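Student: For reference, the sequence and a predicted model appear below.
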Amino acid sequence: MKIDRIASLALLLLALGPAAAHAAGGGGLGTKYCTATNNSTGAPADITASGSSSSSAGNLTLTSSPVPNNVGIFFHGTGQTQVTYGQGYLCVYGGIVRSSVIFASGNVGTWTYDNSDAKHSLAPFIGTTRHFQNWYRDPPGGGYNFSNAVSIAITL
């Protein structure tokens, strides 16, 4: 019986297309890993990737929500880990590259790699898999916290 429900949901999502699958927790770019802990919004921040993993396309967008309406950064590195840090887990290590500081609004933080400058480019990482995560300030939650993470193979 449970299998029938899962099959029905899968067929519905297929019929509705990728946007519906992504909204239902499936789809999206990359492979998620690591655990996020609840923040002051009452829920853990979930990172998603949309656009393309192609560096030349210049439209890879990372979104993290729900997050407190405060400052944060997105960053990426060469390896996966899960180490307690702050109020959550650091899930990325090695060759860390940070975005510019962002300010979350509506409990959503976003960053787009659009090739407008070095911090917005993934060109140096073509042919590698990078692991992305969001760090954000959360004073009511104890200081700062992290989203879960997503691994994405960067292509030309």
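Tutor: Arrived safely, thanks for sending. Numbering: from 1, shown residues only.

Student: where do the strands sit along the protein?
Tutor: Listed in chain order, the strands found in the chain under DSSP state E are 31-33, 46-50, 60-65, 71-77, 79-85, 88-93, 97-98, 102-103, 109-113, 129-138, 143-153.

Student: As TSV, these with distance to residue 40 would be great.
Tutor: (Each C-beta comes from the backbone N, C-alpha and C, glycine too.) Shown next, in TSV, are the strands of the chain (distance: least, CB to CB, whole Å):
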stretch	distance to residue 40
strand 31-33	22
strand 46-50	15
strand 60-65	13
strand 71-77	13
strand 79-85	17
strand 88-93	12
strand 97-98	23
strand 102-103	16
strand 109-113	14
strand 129-138	5
strand 143-153	8
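
Student: mind showing which ranges of this protein have poor pLDDT?
Tutor: Along the chain, the model assigns pLDDT under 70 to residues 1-27.

Student: isn't residue 113 right next to residue 54, touching?
Tutor: No - contact status for residue 113 versus residue 54: not in contact, 10.2 Å apart, counting by CB atoms under 8 Å.

Student: beta partners of the most centrally placed residue in the chain?
Tutor: In the chain, the C-alpha nearest the mean C-alpha coordinate belongs to residue 47, at 2.8 Å (CA atoms, centre = their mean). Counting by DSSP bridges, residue 47 is bridged to residue 64.

Student: In contact with it: list those residues for me.
Tutor: Contact partners of residue 47, counting by CB atoms under 8 Å, 6 or more residues apart in numbering, are 32, 62, 63, 64, 132, 133, 134, 147, 148, 149, 150.

Student: what about it, distance to residue 136?
Tutor: 11 Å (CB to CB, to the nearest Å).

Student: what's the overlap in contacts for those two?
Tutor: Counting by CB under 8 Å, 6+ apart, the residues touching both residue 47 and residue 136 are 64, 147.
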